[in-house]
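> predicted model and sequence below, questions to follow.
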Amino acid sequence: MYKNLLLISLATALTASANLKSSQLNISDLAVNQSEAAMTVNMTVDPAPFKVKSNNMVVLTPAIVAQKDTLRLPAVTIAGRNAWFQEVRNNQPNPSLLRAGKKTPLNYSATVPYQPWMQQSNLVILTDTLSECNCFTRSGHTPVIDMDFTPEIFVSDNNTFEYLVPSDTIEKVFNLSGRANIIFKVNRTDIDWTYKSNYAELDSILASINAVKDNKDATVEQIMLTGYASPEGSYANNERLAQGRTAVVRKYVADHSSFPSNIYKEKSVAEDWAGLRQWLTTSTVPEKKAIIELIDDKSIPVEKKNDVLRQRYPETYRFLLANVYPNLRHTDYVITYKIRRYYDVEEIAAVMQSNPRNLSLNEFFLLANSYEKGSVDYDSVFLTAARLFPNDDIANMNAAYSAINQGELNSARLFLSRIEPSPQTAYAWGVLYAKEGNYAEALEMLKQAKDGGVEMADVVIERVEKAMKPAKKIKLL
């Protein structure tokens with residue numbers, strides 16, 4: 001945040017005689033300096049016009065006053081002839097003691113810590129008369145300046161958000177993927193039903209298939225099964241195991257569903273080094289960095305990697321073989337299906353409530369624009385679309401704008417972090433930074449967007465620059 005410094009200088013003398021009877025209040029060169037840390041009041045007090053009885057004193061006390069708070073600043077005392085001599089003889093020198101009628105102006109300055117309640121306040125001059133009987137009489141309460149230090153803030157409206165229009169989807173093709181950790185015994189391709197989890201893992205594939213099958217608007221195009229073997233043993237044998245295990249899983253799934261045989265496709269991966277690498281990245285295995293480098297080393301033939309791993313790290317290898325390798329024998333599945341298109345907004349709204357996964361980004365966009373732009377319903381549609389299309393730049397961009405509009409700035413950051421850099425992305429980051437009050441970062445991103453051709457960037461830059469300027473809402477009363 002930039003520190004705001006506000007300086008107002010009023011050179012014209014102020015005369016306020018209300019409630020002062022025959023006295024005249026003469027203040028000039030009044031200035032107020034405000035920063036995040038302090039407030040300073042400067043003024044020149046001229047005692048020459050004051051007519052004060054010889055034994056009396058007039059005490060001028062500047063005070064900062066808000067609705068429930070008051071802070072008095074050091075006072076200036078203007079004394080009559082006898083009172084002035086008495087003060088000079090009997091007390092320590094006081095630079096704020098002036099003699100009425102004398103042309104000896106005082107350049108007054110007082111600094112106090114700035115407090116939030118001062119944001120909207122008045123500077124007043126309290127006038128008290130001290131008579132020779134030591135009696136105080138309040139003779140004036142004169143507001144001289146109305147102060148408003150409320151900082152400017154960045155203001156956005158619906159036109160600020162550059163929502164992107166998704167391309168129309170002629171064919172709505174979706175993929176539903178998952179993994180079945182079917183446990184195969186070493187060097188075996190048949191399913192061991194004594195492992196209780198095998199039933200559940202196989203049924204998880206069937207459950208996914210049935211979920212699509214039961215969708216009245218869906219047509220299954222393909223079921224791809226990919227079987228993986230763990231790296232131990234010879235590479236050729238692992239190829240055989242991966243292929244055989246995939247075929248066994250396919251047969252089970254086909255026997256328990258009613259799709260034609262040409263729907264099913266098979267692939268196999270002889271050794272799941274990618275799965276081992278992924279497991280290592282979050283493990284506490286001491287040699288994990290070296291083993292990852294070994295996995296990534298293309299100079300070692302894939303057929304030899306397991307032998308090298310076993311020879312270099314025998315103790316860790318035994319641990320991996322017993323605890324990690326079994327989970328590398330798994331079957332992944334991808335169900336590819338089509339959903340019919342929806343043209344009626346009311347039908348799209350009903351599908352969003354019942355099965356939002358059936359909708360394309362274009363259909364989400366059509367539904368959103370059936371609501372008032374910037375409304376809760378409007379934003380809700382884009383936020384839902386981003387949850388269902390987490391890897392789509394347009395979905396994340398539109399969701400980021402909706403999150404910003406709803407004040408969910410952390411969510412907006414998450415959406416924008418998923419998007420590849422571009423002028424449109426820079427613009428969205430600029431809007432987010434501006435809403436957070438990070439104006440310097442906002443300007444940097446918005447200027448990138450402007451250079452990239454985003455037309456709205458100029459308008460938002462102007463708003464950010466306005467928000468960066470210190471408030472000037474101060475007027476003489």
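It's in.
> report pLDDT for Ser9.
You'll see Ser9 listed with a pLDDT of 34.
> could you do the one 3 residues further on as well?
As summarised for this prediction, Thr12 has a pLDDT of 32.
> and for Val376?
pLDDT at Val376 comes out at 95.
> what do you get for Lys213?
89.
> just give the nearest non-adjacent residue to it, would you?
Val220 (6.6 Å; Cβ to Cβ, 6 or more residues apart in numbering). To be clear about C-beta, it is placed using only N, CA and C from the backbone, and glycine gets the same treatment.
> next one: Ile461
Going by Cβ to Cβ, 6+ apart, Ile461 has Leu446 as its nearest residue, at 5.0 Å.
> what lines up beside the longest strand belonging to the chain in the sheet?
Looking across the chain with DSSP state E, the single longest strand is strand 136-148. Paired neighbours of strand 136-148 in the sheet (DSSP bridges): strand 120-130 (antiparallel), strand 473-476 (antiparallel).
> which of those has the highest mean neighbour count?
Of those, the one with the most neighbours on average (mean count of other Cβ atoms under 10 Å) is strand 120-130, at a mean of 19.
> restricting to C-alpha, output it in PDB.
Extracted in PDB, the C-alpha atoms of strand 120-130 (Å, rounded to 0.1, in the frame of the first residue of the first chain):
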ATOM      1  CA  GLN A 120     -13.800  11.400   9.200                       C
ATOM      2  CA  SER A 121     -13.400  14.200  11.700                       C
ATOM      3  CA  ASN A 122     -13.300  18.000  12.200                       C
ATOM      4  CA  LEU A 123     -10.600  20.200  13.400                       C
ATOM      5  CA  VAL A 124     -12.100  22.700  15.900                       C
ATOM      6  CA  ILE A 125     -10.700  25.500  18.000                       C
ATOM      7  CA  LEU A 126     -12.000  25.400  21.600                       C
ATOM      8  CA  THR A 127     -11.900  28.900  23.200                       C
ATOM      9  CA  ASP A 128     -11.800  29.300  27.000                       C
ATOM     10  CA  THR A 129     -11.400  32.500  29.000                       C
ATOM     11  CA  LEU A 130      -9.400  32.300  32.300                       C
END
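> next, count neighbours for Asn323.
Using other Cβ atoms under 10 Å, Asn323 has 10 neighbouring residues.
> looks to me like Val41 is in a helix.
No. Under DSSP: H, G, I helix; E, B strand; the rest coil, Val41 sits outside any helix and is assigned strand.
> how much space between it and Gln34?
Distance from Val41 to Gln34, counting by Cβ to Cβ, to the nearest Å: 10 Å.
> same question, Val65
According to Cβ to Cβ, Val65 and Gln34 sit 15 Å apart.
> using the three-state scheme, assign Ala442.
Ala442 ends up helix, using three-state DSSP.
> just say helix, strand or coil for Asn134.
Classified using three-state DSSP, Asn134 is coil.
> tell me the pLDDT at it?
In this model, Asn134 carries a pLDDT of 73.
> got it, and the one 3 residues further on?
The per-residue pLDDT reported for Thr137 equals 77.
> my read is that it contacts Val59, right?
No. Counting by Cβ atoms under 8 Å, Thr137 sits too far from Val59 to count as a contact (10.3 Å).
> more neighbours: the two, which one.
Applying other Cβ under 10 Å to Thr137 and Val59 shows that Val59 carries more neighbours, namely 18 against 10.
> which residues does that one contact?
Contact partners of Val59, counting by Cβ atoms under 8 Å, 6 or more residues apart in numbering, are Ala75, Val76, Thr77, Ile78, Leu126, Thr127, Asp128, Thr129, Leu130, Phe136.
> please state the backbone phi and psi of it?
phi -110, psi 120 (degrees, to the nearest 10).
> next helix or strand past the helix or strand encompassing Leu446?
Using DSSP states H and E, Leu446 sits within helix 439-451. Where DSSP H and E defines the elements, the next helix or strand beyond helix 439-451 is helix 457-468.
> just want the angle from that following helix to helix 439-451.
Counting by axes from the mean of the first three to the mean of the last three Cα atoms, to 10 degrees, helix 457-468 lies at 160 degrees to helix 439-451.
> residues contacting helix 457-468, please?
Residues contacting helix 457-468 (Cβ under 8 Å, 6+ apart): 2, 151-156, 159-160, 427, 430-431, 434, 439, 442-443, 446-447, 449-450.
> export it to PDB, keeping only CA atoms.
Output in PDB follows, covering the C-alpha atoms of helix 457-468 (Å, rounded to 0.1, in the frame of the first residue of the first chain):
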ATOM      1  CA  ALA A 457      -7.400  -2.300 -19.800                       C
ATOM      2  CA  ASP A 458      -7.200   1.400 -20.300                       C
ATOM      3  CA  VAL A 459     -10.500   2.000 -18.400                       C
ATOM      4  CA  VAL A 460      -9.300  -0.200 -15.400                       C
ATOM      5  CA  ILE A 461      -5.900   1.500 -15.400                       C
ATOM      6  CA  GLU A 462      -7.600   4.900 -15.000                       C
ATOM      7  CA  ARG A 463      -9.700   3.500 -12.100                       C
ATOM      8  CA  VAL A 464      -6.600   2.100 -10.400                       C
ATOM      9  CA  GLU A 465      -4.700   5.300 -10.700                       C
ATOM     10  CA  LYS A 466      -7.600   7.200  -9.200                       C
ATOM     11  CA  ALA A 467      -7.700   4.800  -6.300                       C
ATOM     12  CA  MET A 468      -3.900   5.300  -5.700                       C
END
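> how far out from the middle of the chain is it?
19 Å (Cα atoms, centre = their mean, to the nearest Å).
> quick one: mean pLDDT over the host helix or strand of Ser268.
In this assignment (DSSP H and E), Ser268 forms part of strand 264-269. Taken as a whole, strand 264-269 carries a mean pLDDT of 94.
> which other helices and strands does it contact?
strand 218-228, helix 235-255 (3 or more Cβ pairs under 8 Å, 6 or more residues apart in numbering; DSSP states H and E).
> run the chain-centre distance for the longest one.
Right, the one you point to is helix 235-255. 48 Å.
> how far off strand 264-269 does it point, in degrees?
160 degrees.
> how about helix 235-255, which residues are buried there?
If you call a residue buried by 16 or more other Cβ atoms under 10 Å, then helix 235-255 has these buried ones: 235, 238, 240-246, 248-250, 252-254.
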